[in-house]
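Engineer: turn this into a structure:
(2 chains)
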Number of protein chains: 2
Amino acid sequence: MQSGLDKIFKPNAIAVVGASSKRGSIGHVILNNILRFNYQGNTYAVNPRADAVGVMKCYKSVLELPEKPDLAVIVVPREFVAQALDECGRMGIGGAVVITSGFKEVGGEGVNHEAEIVSIAQKYGMRIIGPNCYGIINTAPAVSFNGTFSKLNPLPGKVAFLSQSGALGEVVLDYTNRLHLGISMFVSIGNKADISDIEVLQYWRDDPNTEVILIYIENIDNASEFRRVTSEIARRKPIIAVKAGRTESGARAISSHTGVLAGGDTGIDAFFEKCGILRAMSMEELFDIAMAFSNQPLPKGDRVAVITNAGGPGIMATDALESLGLEMARFEKFTIDTLRSKLPPMAAVGNPIDVIASGGPEAYAAAVEAALADANVDSLLVIFVPPILVDHKAVINAIIEKIEAASERKTVLACLMGSPSGIAGTEDLIAHDIPVYGFPEGAARALAGMSAYRKWRNKPEGKVIQFKADKGRVKKIIDASRRSGRRAIMGPEGLAILDAYGINIPASASVANESRIDEALESLHLPVAMKIDDQLIIHKSDIGGVALKLRTRQEVLEAFRRMKAKFARADQAFAGVMIQEMAGDGIETIIGMNHDSTLGALLMFGLGGISVEIMKDVAFKVHPLSEVEAREMIMAIKGYRLLTGFRGAPPVDIETLEGTLLRLSQLVTDFPHFESFDINPFIVMPAGQESLAVDARFILKE
Amino acid sequence: MQSGLDKIFKPNAIAVVGASSKRGSIGHVILNNILRFNYQGNTYAVNPRADAVGVMKCYKSVLELPEKPDLAVIVVPREFVAQALDECGRMGIGGAVVITSGFKEVGGEGVNHEAEIVSIAQKYGMRIIGPNCYGIINTAPAVSFNGTFSKLNPLPGKVAFLSQSGALGEVVLDYTNRLHLGISMFVSIGNKADISDIEVLQYWRDDPNTEVILIYIENIDNASEFRRVTSEIARRKPIIAVKAGRTESGARAISSHTGVLAGGDTGIDAFFEKCGILRAMSMEELFDIAMAFSNQPLPKGDRVAVITNAGGPGIMATDALESLGLEMARFEKFTIDTLRSKLPPMAAVGNPIDVIASGGPEAYAAAVEAALADANVDSLLVIFVPPILVDHKAVINAIIEKIEAASERKTVLACLMGSPSGIAGTEDLIAHDIPVYGFPEGAARALAGMSAYRKWRNKPEGKVIQFKADKGRVKKIIDASRRSGRRAIMGPEGLAILDAYGINIPASASVANESRIDEALESLHLPVAMKIDDQLIIHKSDIGGVALKLRTRQEVLEAFRRMKAKFARADQAFAGVMIQEMAGDGIETIIGMNHDSTLGALLMFGLGGISVEIMKDVAFKVHPLSEVEAREMIMAIKGYRLLTGFRGAPPVDIETLEGTLLRLSQLVTDFPHFESFDINPFIVMPAGQESLAVDARFILKE
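Structural biologist: Residues are numbered from 1 along each chain as shown, chains lettered A, B, ... in the order given. A predicted model of the protein is given here:
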């Protein structure tokens, strides 16, 4: 498939505009790298101020070139970038990588300079990576293009790396080399003046050389498109990302529980989960995980076997695996018998298998063979702490031989403790695609990453269900609120929005005058609750604006008088109260939404009371919710056990809860007007009884 | 001070028994290491089967040596160890390091062999390290003794390392070398047949060359002595430990909440906290933390300044620091003004200070100088991502110069991203005691470790308070339970134990016969609770054995009849019920104890209901509690906010809660008979009202 980006990533020929013979200059290093990395097309040096660069002829302008290259790499000073690009355009060059910095990232005039190069690109239909970037790499043999100013020679492989930071470019390439992690492509995306990270990711979706995608990202520009593209790619290729920095949750409505809880990393976690992106918490973790994905098949399950020759590291591996949610495999009887017959008497034949310090090639061979043959084993971690009296290389070769001989290809990781490069045979493991870790924890993190990815990919995609709703009624309420200058919609109006979306609300009546109480009580069943009906009062219950469980007419009357005495304002008529039938004795939940200015709407679910306010036991998902996600959200909180019939209580109506989440998700789709809302509480009842929302508070965007 | 272990750690001369000229053999490597490391005393080779080892004369037995060495290093095969030690004893040699393995660790005959060498040691008053160990090192210049079979030359320094795993010895030495972390002493403790880890730690307490102690530990033998010694050392020198493997919580009484919650890592965390030991979760983290302690002063507070030349790593550092509980320093106005005047216009003068990619020696010098001079800064993390056009060495030297010139010595860590050894100037930082990390997260972990240690060391030691108690009454209850073959003590007997320790319990009466109900009600205030009084029924409320809030005589009567109908057994008289005054509307808490077979008694505190059962929001401390620890425990739970007056409720009586924890701690001291207990609930009331224990359940040890 031909893509618009092929001219950049697979150019037929390259012009280096700003090529230089000054050692150490970027123009020198990039030209050198292209030549040294054995680029398969013609390379031209372009520099108005030189006749030759080294032994190469140097052209004054791309307009003088003997052929039309697909790509120009621009390294001239900022003041010459626009002219250089314009000449590229006139020459018909289709793509440019602009290394030069001093554009949008420096603010001021830089912003204008960036706008100028974008308009030049548009004029000629030219595509641009950058400006302000570290360059790009494509190791495909037919291309073999290193257009960065790195000192290092990248190793060819299956991993593509997208970096939003130019400064980290060299760090990334250094790290991949040290880990022997081969890369397919590397793109330093720079200021994204033209080509976005999303376009590059789409390119990698179809790049046959790329099997694993790594991202270092600082900000997300177009969250919904980013999500659409990554979640599609992630079904086929794993994406692992480091996100530096937390998102701002936008202007947070102080009245919203959800807003308070949605800050910091919560949103990013929910967003990446929706995208199918594995999140690594550091660069080290990113590469630990990448090594496994790049070299090994996905395990079919979470059952891990561990082989070691020293007790301690075996225990450390077990601790790390279990704390990350993986299981220690329980061996079949045949495996245990085999191990017992083949290993020395002091060896441990449980899991971890401890071949003990004297265990040599035969012991490791027996253990690897038995573990891989066991149907209860999904993946294997082989730990080797090199003892002085054992032939290290022979041990490693025995391990490799048995892995190669296994009838089924299972995930195998190695942990060689001590000097990683100092152990004879390390290179053999790497040559056989067995990733080598220095400590058990790194290997455990990699297996946990693979497990999370497998589960994400195997789960049904889910559907966003459409419900009937009375949109006109909601629109009217929003309009009325806007007209009166209020951002908060509460009380009867708040509940009416829910009602319009088919969510149960309690029977209620608004009463502003004592004489209307009897009439109201005719249509309501006692006991009732009374709430002051004033859109300006937010924390009603804190100031005596809520009376619950009023059992008699007399109690209702007294409550009304108290509230009127307390809240009536001298300058205007008493706003009145809402009288509501009391909900049954169900479980209080809270359902909320908060709009994150970067990530979009986040929906929240939790149990009410201290669960949300003190324990912060809540789950977030990025809007819109599928029915699968609604169910996941409910099951994600610790308090889920309370919903399923805890200590003899009847299980609650989870289906209605799910439906309510989905209806609210649809409300967010239909009305992007809301900054946040809390449905608090939503009382969920045992199946067969009516669950309902008792109170709701919506905050409109400014 | 002269110690019994000086003969081992500072020997005047050494005999290597089992010295060998066979290359690669342990006897060869150890002898070589002693010579190569320039041991300051005489070294003798001993081997009955050789006349010479290399150029050295070889003695048939230690008995033939021309002088009496303090120490023998034993590397002969297991069957000759006893004889070799016996000869050492006869020669008057005071200490031995037994490298040879095949003792207790292999079970069977090995156990007897180990007992034999212990008895030989006792016979001659000889002290032994090992057997089954990797050897010992003392880098003190007057000693300069490397008695291990490592391939590496340890660097002299301030860090002592105790390893319970011989296999990890080489890993540890390799790691310290790679990190340029100098060690004072290294001890592979082996099977601890004679000298224990505790004795070694005590030796290091007084060793002037040792300033930081690192431990790799797999099991704790004598928890109370270990705790006594380490908590004393930790007041002077930091101890950092990796514990591989979780403890078994002993036979867990299924009826105890506390027992269920106390398993796994909970106990170890509480134990290390009591010892003042910093726990590292991996070897990598251990060394990350050790590098900072070994080279830098403790910061005076948690306010960290970060300097970077690339945005991303600055954000990653901020994220890591904040998630570990440290604070980003807020600079004084003077600092910000200074930075603004000295840094390029695009630099960020907040925290992190971003000198941007073009920032060279001057920019770094200005940033370091300003940050260290700021009174709001307790520690500084300098990140440098080496850009191509900047003189790396000049930047690093500028950093060092300003650190050296600062008027106050603050904690400074460096993070050089990319190839750690590939950046010119790295060695200069190390030479100036500035630890170098490869990623910001490692440096952040180190600062967090320093902060935790500072807080532990600064907190008051606290006292264990003595209360008056009726021990005789408790003894009688325990004896009665034992006599009747019951391990569980519940109901009135359980409450009586609390009463004997001055803990409030509700007024109550036992009633086995309906005719006695009126008499009981005369002494009790309604409403009351009724509980079936049968020591065999554990989860009373689950099976209808509890009736609450009985408001009238009639309700009491009906409840009694229901229980009698339900629980009376055909073969014996009805056990009866306990009628208890209802507690007021306070906050339900749970206080418990679980005896961990390794660590001793663990006390637990949490809020009742879902907080403990679902959220597992509980705090553990190792018995005995000081008044400081009792308060810490209460404040450690998330639900603490509920106790201090949440949402307008009155604050509860925290002092009584503290007193109750302390009284229960004393109960555990006085009666080590209990496997576990739960006081559930202990109702804590607002100050001025009576808090009380409503139910208690004690389980005796088998």
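
Engineer: CA atoms for contacts and neighbours, from now on please.
Structural biologist: OK.

Engineer: would you mind measuring from the residue of chain A positioned farthest from its centre to chain B?
Structural biologist: Within chain A, the residue lying farthest from the chain centre (C-alpha atoms, centre = their mean) is A:Ser515, at 57.6 Å. Distance check for A:Ser515 against chain B: by C-alpha to the nearest C-alpha, to the nearest Å, it reads 33 Å.

Engineer: let's verify that residue: helix, strand, or coil?
Structural biologist: Assigned with DSSP: H, G, I helix; E, B strand; the rest coil, A:Ser515 falls in the helix class.

Engineer: list the contacts of it.
Structural biologist: Residues near A:Ser515 by C-alpha atoms under 8 Å, 6 or more residues apart in numbering or on different chains: none.

Engineer: not counting residues beside it along the chain, what's closest to the residue in the stretch 151-300 of chain A positioned nearest to chain B?
Structural biologist: In the stretch 151-300 of chain A, the residue that lies nearest chain B is A:Val171 (4.2 Å; C-alpha to the nearest C-alpha). Among residues not flanking A:Val171 along the chain, B:Gly418 sits closest, at 4.2 Å (C-alpha to C-alpha, 6 or more residues apart in numbering or on different chains).

Engineer: same question, A:Met530
Structural biologist: Counting by C-alpha to C-alpha, 6+ apart, the residue nearest A:Met530 is A:Ile579, at 4.6 Å.

Engineer: and the one helix or strand that neighbour maps to, C-alpha only, in PDB?
Structural biologist: A:Ile579 belongs to strand A:577-581 when assigned by DSSP states H and E. Extracted in PDB, the C-alpha atoms of strand A:577-581 (Å, rounded to 0.1, in the frame of the first residue of the first chain):
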ATOM      1  CA  VAL A 577     -39.100  22.800  48.900                       C
ATOM      2  CA  MET A 578     -39.300  19.600  47.000                       C
ATOM      3  CA  ILE A 579     -41.100  16.700  48.700                       C
ATOM      4  CA  GLN A 580     -39.900  13.300  47.500                       C
ATOM      5  CA  GLU A 581     -40.900   9.800  48.300                       C
END
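
Engineer: next SSE after that strand?
Structural biologist: strand A:587-596.

Engineer: I figured the residue nearest to A:Val171 was touching A:Glu170, is that so?
Structural biologist: Yes - contact criterion C-alpha atoms under 8 Å: B:Gly418 and A:Glu170 qualify, at 6.8 Å.

Engineer: so for the two, which residues contact both of them?
Structural biologist: In contact with both B:Gly418 and A:Glu170: no residue, using C-alpha under 8 Å, 6+ apart.

Engineer: pLDDT-wise, which helix or strand of chain A ranks last?
Structural biologist: Least confident helix or strand of chain A, by mean pLDDT, DSSP states H and E, is helix A:257-261 with a mean of 70.

Engineer: quick check: what element follows that helix along the chain?
Structural biologist: Using DSSP H and E, the helix or strand that follows helix A:257-261 towards the C-terminus is helix A:265-275.

Engineer: mind telling me what element the residue lying closest to A:Gly425 once chain neighbours are set aside is part of?
Structural biologist: Nearest non-adjacent residue to A:Gly425, counting by C-alpha to C-alpha, 6+ apart: A:Lys393, 4.6 Å away. Assigned by DSSP H and E, A:Lys393 falls within helix A:392-405.

Engineer: list the buried residues in that helix.
Structural biologist: A:392-400, A:402-403 (16 or more other C-alpha atoms under 10 Å in any protein chain shown).

Engineer: I would like the residues contacting it, please.
Structural biologist: For helix A:392-405, using C-alpha under 8 Å, 6+ apart, the contacting residues are A:360-362, A:364-365, A:368-369, A:372, A:386, A:409, A:423-426, A:428-429, A:432.

Engineer: quick one: buried ones out of the residues you listed?
Structural biologist: Of the members of the contacts of helix A:392-405, the ones counted as buried by neighbours, 16+ other C-alpha under 10 Å, are A:360-362, A:364-365, A:368-369, A:372, A:386, A:409, A:423, A:425-426, A:429.

Engineer: tell me where the model's unsure across the stretch 501-650 of chain A.
Structural biologist: Along the stretch 501-650 of chain A, segments meeting pLDDT under 70 span A:535, A:538-539, A:570-572.

Engineer: could you pull out the helices for it?
Structural biologist: Remark: helices assigned in the stretch 501-650 of chain A by DSSP state H, counting those that start in this stretch are A:517-522, A:553-567, A:610-613, A:627-636, A:640-643.

Engineer: so which elements touch the second one?
Structural biologist: The one in question is helix A:553-567. helix A:517-522, strand A:528-532 (3 or more C-alpha pairs under 8 Å, 6 or more residues apart in numbering or on different chains; DSSP states H and E).

Engineer: just these: most buried one?
Structural biologist: strand A:528-532 (a mean of 24; mean count of other C-alpha atoms under 10 Å in any protein chain shown).

Engineer: list the pairing partners of that one within its sheet, with orientation.
Structural biologist: Strands that pair with strand A:528-532, judged by DSSP bridges, come out as strand A:546-550 (antiparallel), strand A:577-581 (antiparallel).

Engineer: please identify the most buried of those strands.
Structural biologist: Most buried among the strands paired with strand A:528-532, counting by mean count of other C-alpha under 10 Å: strand A:577-581, with a mean of 25.

Engineer: name the nearest residue to A:Ile489, sequence neighbours excluded.
Structural biologist: Once flanking residues are discounted, A:Ile489 sits nearest to A:Phe698: 5.0 Å by C-alpha to C-alpha, 6+ apart.

Engineer: quick one: A:Ile117 from B:Gln554, how far?
Structural biologist: For A:Ile117, the distance to B:Gln554 equals 91 Å [C-alpha to C-alpha, to the nearest Å].

Engineer: which one of those two has more residues nearby?
Structural biologist: It is A:Ile117, of A:Ile117 and B:Gln554, that has more neighbours when counted by other C-alpha atoms under 10 Å in any protein chain shown, with 23 against 10.

Engineer: wait, that one touches A:Ala82, no?
Structural biologist: Yes - in this structure, A:Ile117 is within contact of A:Ala82 by C-alpha under 8 Å, at 5.7 Å.

Engineer: need the pLDDT of the spatially most central residue of chain A.
Structural biologist: Note on chain A: the residue nearest the mean C-alpha position is A:Phe272, at 1.7 Å, using C-alpha atoms, centre = their mean. Per-residue pLDDT puts A:Phe272 at 96.
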